[in-house]
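In: give me the fold of what follows.
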Amino acid sequence: LEAPERANLAKMLYPEMRKIFRSLSNFERAKDLASQGLTALRNFASMFHIEIGGVDIGIDPAPDALDRGDLQTDLPDLFEAIGLAARAAGKGWVISLDEVQYLSEEDLSALLVSLHRVSQTNVPVVLMGAGLPQLARLAGEAKSYAERLFRFYNIGALDVDAATAAIQKPIEEIREIGASITDDALKAIVTGTKGYPFFLQHWAACAWDIATGPEISAQDVRDAWREAIEMLDNGFFRVRLDRLTKSELKYCMVMASLGEGPYATGKIAKLMGKDAQQLGPQPVSYTHL
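Out: Predicted coordinates for the structure are as follows:
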């Protein structure tokens, strides 16, 4: 799943949990547990006004069956129910969630409580989440025990070997046309992108499209550079810049004028004609950059 901005966790997870319970109901050993889980899930949908096919589910919740309407209480119960049914079936549930930073503090807190529950009950439910660098801080602010629940990995630029392989290997696998890339061309892309995965992929794709023969040359890479930059300017960067406020844009322009980061807040403040305290709460949209 990918969390959109202003994500609603209950509505996002409901269809996935429903599919899981229905799938687990096909296993004889998990059938009863999955059936109980589906009943609980219907009550959950009713309490949180989740629509199916544009229709709000309006049923009377069964007594004592997730009728509290508190996400931090109800969602952990459902996670545990899925875990118990999955364990009975000899299966597991892996939730892959991207853009976790878009979850509200309330939703993130409910998710963390749910994962804490399954950790305590030792049922086979795990989360693999991804998000921007502030994610670890947001998780810690939502629940203090978040740091004990997860392993946090920073994913940055590819090193030279990985960046080289990312370009070279896919090209060489197209053996039927004898595709290849020269060493100079390969080095130019790796060096020019500094291993940033999307830029690397984008520039290499433009070079592939421009090359007239099965081999990508250094000249092809140079010719592709302008096209790659124009596409990034009009797409990748434009989308983000258009979402910034005037003050955020000014903040970013000042940082850019200082060259390579990291940037001292005091220095940015001085160039903007402000003091550092005024920039303290400056909400530069890191979610957009």
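
In: per-residue pLDDT, G280?
Out: Per-residue pLDDT puts G280 at 55.

In: ok, A62 next?
Out: 51.

In: which residues sit against stretch 7-15?
Out: Residues outside stretch 7-15 that contact it (CB atoms under 8 Å, 6 or more residues apart in numbering): 1, 3, 41, 44-45, 48, 50-51, 71, 75, 99, 102-104, 107, 110-111. Heads up, the C-betas are built off the backbone N, CA and C, glycines and all.

In: and for stretch 255-262?
Out: By CB under 8 Å, 6+ apart, stretch 255-262 touches Y263, K267, I268, L271.

In: so which bits of it are buried?
Out: By 16 or more other CB atoms under 10 Å, the buried positions in stretch 255-262 come out as M255.

In: just the CA atoms of that stretch, as PDB, please.
Out: C-alpha atoms of stretch 255-262 as PDB (Å, rounded to 0.1, in the frame of the first residue of the first chain):
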ATOM      1  CA  MET A 255      19.900  27.000   0.700                       C
ATOM      2  CA  ALA A 256      20.600  26.400  -3.000                       C
ATOM      3  CA  SER A 257      22.700  29.600  -3.100                       C
ATOM      4  CA  LEU A 258      24.900  28.200  -0.400                       C
ATOM      5  CA  GLY A 259      26.000  25.200  -2.400                       C
ATOM      6  CA  GLU A 260      26.400  21.700  -1.000                       C
ATOM      7  CA  GLY A 261      24.700  21.200   2.400                       C
ATOM      8  CA  PRO A 262      24.300  20.700   5.300                       C
END
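
In: can you give me the mean pLDDT across it?
Out: 86.

In: also stretch 5-12?
Out: 91.

In: for burial, what's the neighbour tally of H202?
Out: The tally of other residues near H202 (other CB atoms under 10 Å) stands at 21.

In: residues in contact with the residue lying closest to it once chain neighbours are set aside?
Out: Take H202 and drop its neighbours on the chain: the residue closest to it by CB to CB, 6 or more residues apart in numbering is A228, 5.6 Å away. By CB under 8 Å, 6+ apart, the contact list for A228 reads F199, H202, W203, C206.

In: are any of those residues buried, and which?
Out: F199, H202, W203, C206.

In: among those residues, which are in strands?
Out: Per DSSP state E, strands hold no members of the buried ones among the contacts of A228.

In: still on that earlier bit, ok, and the most crowded of the contacts of stretch 255-262?
Out: I268 (21 neighbours).

In: can you tell me the SS state at that residue?
Out: Three-state call for I268 (DSSP: H, G, I helix; E, B strand; the rest coil): helix.

In: and for N154?
Out: From three-state DSSP, the assignment for N154 is coil.

In: quick check: phi and psi at D98.
Out: For D98, the backbone dihedrals (degrees, to the nearest 10) come out as phi -100, psi 160.

In: what of R243?
Out: phi -90, psi 0.

In: L108: how many residues sit nearby?
Out: Neighbour number of L108 under other CB under 10 Å is 24.

In: right, and it touches A136 too?
Out: No - assessed by CB atoms under 8 Å, L108 is found out of contact with A136, at 11.8 Å.

In: so where's the stretch 151-289 of the chain uncertain?
Out: 175, 280-289 (pLDDT under 70).

In: which parts of it are strands?
Out: Taking DSSP state E, counting those that start in this stretch to define them, one finds strands in the stretch 151-289 of the chain at 180-181, 215-216.

In: neighbouring strands for the first one, and are they parallel or not?
Out: For strand 180-181, the pairing partners within the sheet under DSSP bridges are strand 215-216 (parallel).

In: quick one: R222 from A166, how far?
Out: 20 Å (CB to CB, to the nearest Å).

In: neighbour count: the two, which is higher?
Out: A166 (17 against 14).

In: ok, the more buried one - contacts?
Out: L158, P197, L200, Q201.

In: closest one of the residues you listed to I189?
Out: Distance to I189 across the contacts of A166 (CB to CB) is lowest for L200, with 6.3 Å.

In: related to what we said a few turns ago, and which of the buried ones among the contacts of A228 is nearest to L244?
Out: Among those, and counting by CB to CB, the member closest to L244 is F199, at 20.4 Å.

In: name the nearest residue to the closest one, ignoring sequence neighbours.
Out: T193 (4.2 Å).
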